[in-house]
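1. Please find the sequence and the predicted model below.
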Amino acid sequence: MKIRKVYLIILLFIILSDVAGSQEQVNSRVKYNFNYGWKLKVGDVKEANQVRYNDENWNEINLPFAWNQAEAFKLDITELSTGIAWYRKTFQLPENSENKKVFIEFEGVRQMGEVFINGQFICRHENGVMAFGLDLTPFLKAYPEENVIAVRTDNDWKYKEKLTASEFQWNNNNFNANYGGIPKNVYLHITSKVYQTLPLYSTLGTTGTYVYATDFNIAENKAVVNVSSQVRNESSKSIDAHLKISIKDIEGKTVASFKSEAYTISPKGMRDLHAAETVSNLNFWSWGYGYLYDVTSEIILDNQSVDKVVTRTGFRKTKFDKGMVYLNDRVIMMKGYAQRTSNEWPSLGMSVPSWMSDYSNQLMVESNGNLVRWMHVTPWKQDVESCDRVGLMQAMPAGDSESDVQGRRWEHRVELMRDAIIYNRNNPSVVFYESGNESISEEHMQDMLNIRNMYDPYGGRAIGSREMLDSKVAEYGGEMLYINKSARIPFWATEYSRDEGLRKYWDEYTPPYHKEGTGGTTHKNVNGSKVKDASAYNHNQDTHAIENVVRWFDYWEMRPGTGERVSSGGVNIIFSDSNTHYRGQENYRRSGEVDPMRIPKDNFYAHQVIWDGWVDTDTPRAHIIGHWNYSKKVTKDITVVSTADEVVLFVNGESLGKGIQHKRFLFTFKDVKFKPGIIKAIGYNNAGKQICENEIKTAGKPYGLKLTTIERPGGTLANGSDYAIVQVEVVDQNGNRCPTALNMIDFKVSGQGNFIGGIAQGPDNYIGSTKLPVECGVNRILIKSTDKEGVIKVTATAKSLMNANITINTKDVDDNKLSNVIPAQSLPFYFGKGATPNTPSYKVKRIPIKIISASSISNVEDVYKSFDDNELTGWSNTKNEASVIQYELEREAIINQVVLKLSGWRSRKYPIRILVDNQVVFEGTTALSLGYITLDVKPTKGKVVKMELMGSTEDSDAMNLVEITGKVDSAGLDGSNASTQQFPIIEVEFYQLIDQNN
């Protein structure tokens, strides 16, 4: 019996040992929100990295938090505070975390971050842009002992890499707003010793999980879903493991389950495991349709799950061909914004909660933008994921200033692009990788292409750079202020319409009666030169909105469907007013369609009208620019933005007739006398059918204040770092906003919230002030929650107006130092645009007639360059030789339009004559443009077209466009073709109407 008893004890010990050994591998992966419970000290503090250092008097903060963020919009970008700041946090690991791996993930530190754990230096990260991660396992103390993490940051504009003394090109005080310290989220990951790696290459050397789709069948809603996950085995024995994949839709329903084959991974080894399966009934991610799936990849070892990673992603098909961008087999024209990557708010800089990123980015979609081009540096993960949720395509840069670079500075850009691709390759909204804010060499473009092909070969993303007009390597391109066309890769304008204007200024007839264009500038161009004419940077809302519509016309005119060479659109700089380089009267950039608090300007509504469609305008709209609350003495021009063919204006039911159409979308009604009541615009199609309308009512006298809130979906969190936006309006007795009100408002906040403030024109832009005025009858402030659940009461008062108050209820949330609540958790997806339509995205408007040859008596060897689909080449007659060129077409056709790009397109007018088979079809002077002009000629049948300059050209400065550098672009004019007797043709095209086939 004793022997049997001993045997049973031994057997039980063996069983328990095996169980303990297997439990060591049981899935224990947890991702913690590591944002809570930090302390901050500005200045370089001796021994702040030491465990026993006394930080009792440091400021208590939660991340994300830039130590100088309160200066946002108060100071000029060049004056933002810089220097050393320390961040510290004391924490315990959770129970039962022994024998586990512990990683920390920083979404970014600006500019440099030195990380210490329990007094030991771990790492220095220096690029100021990208996420990085560290393996903390060897340096941590087990539960219940406490650990101390300390991060020393340095946001010096001139910070140099320690090893090479090389500056980082993108650390630029014109566009990369310097919010220092730890302005982004931080996470802690705890895994078993067999785990799927994190996508943090530069510090961990790992690539994580890659989810992508292939073999799309859009019509049948299916594709092959692929999951490739890098697995590391840090156990002491070889293992045989496979991946188990499950895919859940937005309702949590499992729509697919599959697994990989088994892979052997040696001790301390690492390899990629891959699984794939055809998945049906997919909802494809699309513009304004942020449909995302949770793809779970599990490592299965000995029939047990030892590690589980959930990747939130979406599936969409792209193609970049024939000068066009295709999304889910449908052509989509780029319409959107070149937005500063900081995407900042007053007093907060970039460090806002996830829902505020969604609110801002969704507004871009609601304005009918489909693309955001983040400028110069990679956006933080919060904005990338936000664009996924709201259905906004992204162009993602690495890091750049304004030019190609060499040596270590180029290596910085390559390394940043590599890390950014690995980190963001599962985000479906990323559609373009931008390699430079200006053209780069073909060798450097190849470097970037090689990185994309290595780390994201199947993601359906084009890689290119600004310009790159004749590149054989780039997959897209496009200039900054001008329009390009292509029959090869897509060309879209990377930023256009630099004009600026405060939301406060309606027009010259409305208080404070800002005369259009006045105000001068307190700033200079990037190169230090003086801004000679600042009128374009001191607009009223009327003229700013009109200018944006005028600028868009050139791109719309050359949209897909208008020939084989087309424009793929462009992005307007910028969406929200920004604490970056400016050239107007204020100390921040005011080119936005919304102000810094995201209150729309008239530009916003103008874009809603002209961008409502994938290529052309699908839904007819109209918007009356301005308001209808003038003095009875006012008579002014009224402008309506509309996609209708005709617009009629009514004042109190009385028709004022049809508007004068200009640039297709603008309708002007001259000398309209103000009469209180209703002004209404009705749009009609060519058949005379009413298709849209818009009206404005006169508001009564200011009576009181009205408060409303914009909050996190589901309610404001009592975590000490959530915010609510409170909007105040001056209203009449019927609750209508008074659009000309400028009243000063006094705010008081009590309960579980703290006043942060807003922005308005005035001293220090009213940043942090509890008293600030409404502008155009409205303004907004920010309120910060405390860490206690309860009620926030906001009261607004103004002289001679009825007061208003509102309450905000805050909700308890896990705000422990290791919180299980991830910042973006449970935020909704935006489906406002619906799934990708299955109808054609455009109608063919005209038929191009191919040129087969050209001839001239001057510069014969260059004649082909005038029709070679390369805008960096062209033909011009030699000075003193005949300015005549002749083209032979592939077939006889009725020519009704000629499209030209002539050197000096923005500043030079050409008197020309065009003949078709020796019949004069056009004689006149060309207009200025952003690149191309369309000449309607007398429809004439023929096969030979002759073009000639009829006299001296005329220079004009009517189009006020100057680069941010202070340089006036010559638009192709140089010493070789500067003569007023020369006829420099960059590209020429000939067209017939779609219904003229003979």
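-> Right, received. Where do you want to start? Numbers count the residues shown, from 1 in each chain.
2. First-to-last residue distance for stretch 126-138?
-> Distance between the two ends of stretch 126-138: 23 Å, counting by CA to CA, to the nearest Å.
3. Repeat that for stretch 112-130.
-> 11 Å.
4. Please apply the same query to stretch 154-162.
-> Length of stretch 154-162, first residue to last, CA to CA: 12 Å.
5. What residues of that stretch count as buried?
-> 154-155, 159, 161 (16 or more other CB atoms under 10 Å). For glycine as for every other residue, the C-beta is placed from the backbone atoms N, C-alpha and C.
6. pLDDT of that stretch, averaged?
-> Regarding stretch 154-162, the rounded mean pLDDT is 97.
7. Same question for stretch 556-573.
-> Mean pLDDT, stretch 556-573: 96.
8. quick one: buried residues of that stretch?
-> By 16+ other CB under 10 Å, the buried positions in stretch 556-573 come out as 556-563, 565-573.
9. Show me which positions of stretch 289-305 end up buried.
-> Quick answer for stretch 289-305 (16+ other CB under 10 Å): 289-293, 295-301, 305.
10. oh, I was asking about stretch 524-534
-> By 16+ other CB under 10 Å, the buried positions in stretch 524-534 come out as 525-526, 531, 534.
11. where do the strands sit along the stretch 851-998 of the chain?
-> 851-855, 884-902, 908-909, 911-916, 919-925, 933-949, 954-955, 985-993 (DSSP state E, counting those that start in this stretch).
12. I meant the stretch 401-550 of the chain, not that one.
-> Using DSSP E, counting those that start in this stretch, the strands assigned to the stretch 401-550 of the chain run over residues 430-434, 462-464, 493-496.
13. Counting by contacts, list what the longest one packs against.
-> With contacts defined as 3 or more CB pairs under 8 Å, 6 or more residues apart in numbering; DSSP states H and E, the secondary structure elements packing on strand 430-434 are strand 371-375, strand 393-397, helix 407-424, strand 462-464.
14. before we move on, back to that, so which of the buried residues of stretch 556-573 are in helices?
-> The helices, defined by DSSP state H, take in 556-557 from the buried residues of stretch 556-573.
15. Which of the buried residues of stretch 556-573 fall in strands?
-> 569-572 (DSSP state E).
16. Now for those: which two are most distant?
-> 569 and 572 (10.3 Å; CB to CB).
17. list residues touching both of these two?
-> Contact with both residue 569 and residue 572 is made by no residue, according to CB atoms under 8 Å, 6 or more residues apart in numbering.
18. re earlier: among the strands of the stretch 401-550 of the chain, which is nearest residue 861?
-> strand 462-464 (30.2 Å).
19. So which residues make contact with that closest one?
-> By CB under 8 Å, 6+ apart, strand 462-464 touches 318, 320, 325, 431-435, 445, 448-449, 452, 471, 474-477, 489-490.
20. That one: partners in the sheet, and parallel or antiparallel?
-> Counting by DSSP bridges, the strands paired with strand 462-464 are strand 430-434 (parallel).
21. Quick check: the gap between residue 321 and residue 950.
-> Using CB to CB, to the nearest Å, residue 321 is found at 40 Å from residue 950.
22. same question but for residue 777, I mixed them up
-> In terms of CB to CB, residue 777 sits 54 Å off from residue 950.
23. quick one, which of those two is more surrounded?
-> Ranked by neighbour count (other CB atoms under 10 Å), residue 777 and residue 950 place residue 777 first, with 23 against 13.
24. how about the more buried one, what does it touch?
-> Going by CB under 8 Å, 6+ apart, the list of residues near residue 777 reads 699, 729-731, 737-741.
25. out of these, which one sits closest to residue 665?
-> Looking across the contacts of residue 777 and measuring by CB to CB, the closest to residue 665 is residue 739, at 23.2 Å.
26. Count the neighbours of that closest one for me.
-> 19.
27. Next, give phi and psi for it.
-> phi -70, psi -10 (degrees, to the nearest 10).
28. pretty sure it contacts residue 630?
-> No - under the criterion of CB atoms under 8 Å, residue 739 is not in contact with residue 630, lying 10.1 Å apart.
29. quick revisit: among the contacts of strand 462-464, name the ones in helices.
-> Filtering these for helices - DSSP H - leaves 445, 448-449, 452.
30. Adding pLDDT, write the residues you listed out as CSV.
-> Converted to CSV, the ones in helices among the contacts of strand 462-464 look like this (pLDDT from 0 to 100):
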residue, pLDDT
445, 97
448, 98
449, 98
452, 98
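31. Now the buried members of those residues.
-> 445, 448-449, 452.
32. Let me see the contact set for the residue nearest the centre of the chain.
-> Nearest residue to the geometric centre of the chain (CA atoms, centre = their mean): residue 372, 2.8 Å. By CB under 8 Å, 6+ apart, the contact set of residue 372 is 336-339, 361, 364, 387, 392-395, 571, 575.
33. Enumerate the beta-bridge partners assigned to it.
-> The partner residues for residue 372, given DSSP bridges, come to residue 337, residue 394.
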